[in-house]
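Trainee: I would like the atomic coordinates for the input below:
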Amino acid sequence: MPVDVTNLRTGSTADAVRRERLIVVLRRIEPRSRLVDVVGELVDAGVRLFEVTFDGDDAALDLVAVSEQVVDRGGVVGAGTVRTAAQLLSAIAAGAAFGVSPVFDPAIVAAALRAGLPFIPGASTPTEADGAWRSGATFVKLFPASSLGPTFVRELCGPLPEIETIATGGVDISNATAFLEAGAVAVAVGSAIVRATPAQRRDLIAAVASTGRPR
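Mentor: Numbering: from 1, shown residues only. Okay, the predicted model is just below:
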C-alpha cells in the first residue's frame, strides 16, 4: 500500500520543525551525564528540536536519555546519520520522532516511510534534492551547507519551490540567518552551539527566532 507522505509532511513533527527552525545535532557527546547536562542547558535556553547521531555504539541509549530530558518540556528528538537498515530499526525502537541521513538512499527512505517515520535524507545537488523529495522525504537536508552556501538555497527555490530544505553542516551564528532568509525551512547546528558559551547560544537562538520567512 502506498504511503501517504502528506501526513508526514503535515504532522506534528514537521510542524515543529517549521515552527522552531533550529535543530541541535548531538554527535557522540560523552559521557552520557555530560550529554544530559548539555541538553538541559539547551532546553533552558529555548531549544526544542534535537538530533542524536547514530554513529556511536550507544546512540539508541543516548536518544532515550535525551528524550527523557526534553519530551515533557515540548521537545522533539530524532535520529541522525541513519545510513543502514539496522540503524533505522534501532532509531525507531528507541522512539525517534524523525530520521536524518547525510545521503539519499531510496531504500532507507522507503523503509522509514513504511514505518511512519518522517525522514530527512541528504542532498548536495538539485538532482539529489528532487529525487529525495519525490521519494517522499519530509524535508531535504542540504549538506554540507557551508560548502553550498545560502545562494544555493535561494537558487534551488526558483525551479523547485515545493522542496522544503534544512541547511546542515558548518552552520553557525555567522550564517544561520542567511540560510533561513534564502529559503531554508530550518537549520541544523552541531558543535557551534554545543561548545558555545551560554551567551553565544542565546544569541544564535534569538537570531533564528527573529528571522522572517522569505515571501
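
Trainee: Just the C-alphas of stretch 27-42, formatted as PDB.
Mentor: What follows is stretch 27-42 as a C-alpha-only set of coordinates in PDB (Å, rounded to 0.1, in the frame of the first residue of the first chain):
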ATOM      1  CA  ARG A  27      27.200  13.900  18.000                       C
ATOM      2  CA  ARG A  28      28.900  11.400  20.300                       C
ATOM      3  CA  ILE A  29      28.800  13.600  23.400                       C
ATOM      4  CA  GLU A  30      30.400  11.500  26.200                       C
ATOM      5  CA  PRO A  31      29.900  10.500  28.900                       C
ATOM      6  CA  ARG A  32      26.100  10.400  28.900                       C
ATOM      7  CA  SER A  33      25.900  12.600  32.100                       C
ATOM      8  CA  ARG A  34      27.600  15.400  30.100                       C
ATOM      9  CA  LEU A  35      25.100  14.800  27.200                       C
ATOM     10  CA  VAL A  36      22.200  15.200  29.600                       C
ATOM     11  CA  ASP A  37      23.700  18.300  31.100                       C
ATOM     12  CA  VAL A  38      24.300  19.900  27.700                       C
ATOM     13  CA  VAL A  39      20.700  19.100  26.600                       C
ATOM     14  CA  GLY A  40      19.300  20.500  29.800                       C
ATOM     15  CA  GLU A  41      21.200  23.800  29.300                       C
ATOM     16  CA  LEU A  42      20.000  24.000  25.700                       C
END
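
Trainee: For it, what does the pLDDT average out to?
Mentor: For stretch 27-42, mean pLDDT rounds to 95.

Trainee: what sits up against that stretch?
Mentor: 24, 26, 50, 53, 55-56, 58, 61-62, 65-66, 69-70, 80-81, 190-191, 193-194, 198, 201 (Cβ atoms under 8 Å, 6 or more residues apart in numbering). C-beta here means a position set from N, CA and C on the backbone, and glycine is covered the same way.

Trainee: and Leu63, that one's in a helix?
Mentor: Yes. The assignment for Leu63 by DSSP: H, G, I helix; E, B strand; the rest coil puts it in a helix.

Trainee: thinking again about what came up before, so which of the contacts of stretch 27-42 are in helices?
Mentor: Of the contacts of stretch 27-42, the ones assigned to helices by DSSP state H are 61-62, 65-66, 69-70, 191, 193-194, 198, 201.

Trainee: a markdown table for those, including neighbour count and pLDDT?
Mentor: Compiled in a markdown table, the ones in helices among the contacts of stretch 27-42 are given as follows (neighbours: other Cβ atoms under 10 Å; pLDDT from 0 to 100):
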| residue | neighbour count | pLDDT |
| --- | --- | --- |
| Leu61 | 13 | 97 |
| Asp62 | 25 | 98 |
| Ala65 | 19 | 97 |
| Val66 | 27 | 98 |
| Gln69 | 20 | 94 |
| Val70 | 20 | 96 |
| Ser191 | 12 | 92 |
| Ile193 | 23 | 93 |
| Val194 | 18 | 90 |
| Pro198 | 11 | 91 |
| Arg201 | 23 | 93 |
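
Trainee: Any chance of those in TSV with distance to Leu160 as columns?
Mentor: Below are the ones in helices among the contacts of stretch 27-42 laid out as TSV (distance: Cβ to Cβ, whole Å):
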residue	distance to Leu160
Leu61	38
Asp62	34
Ala65	38
Val66	33
Gln69	37
Val70	33
Ser191	30
Ile193	29
Val194	32
Pro198	38
Arg201	33
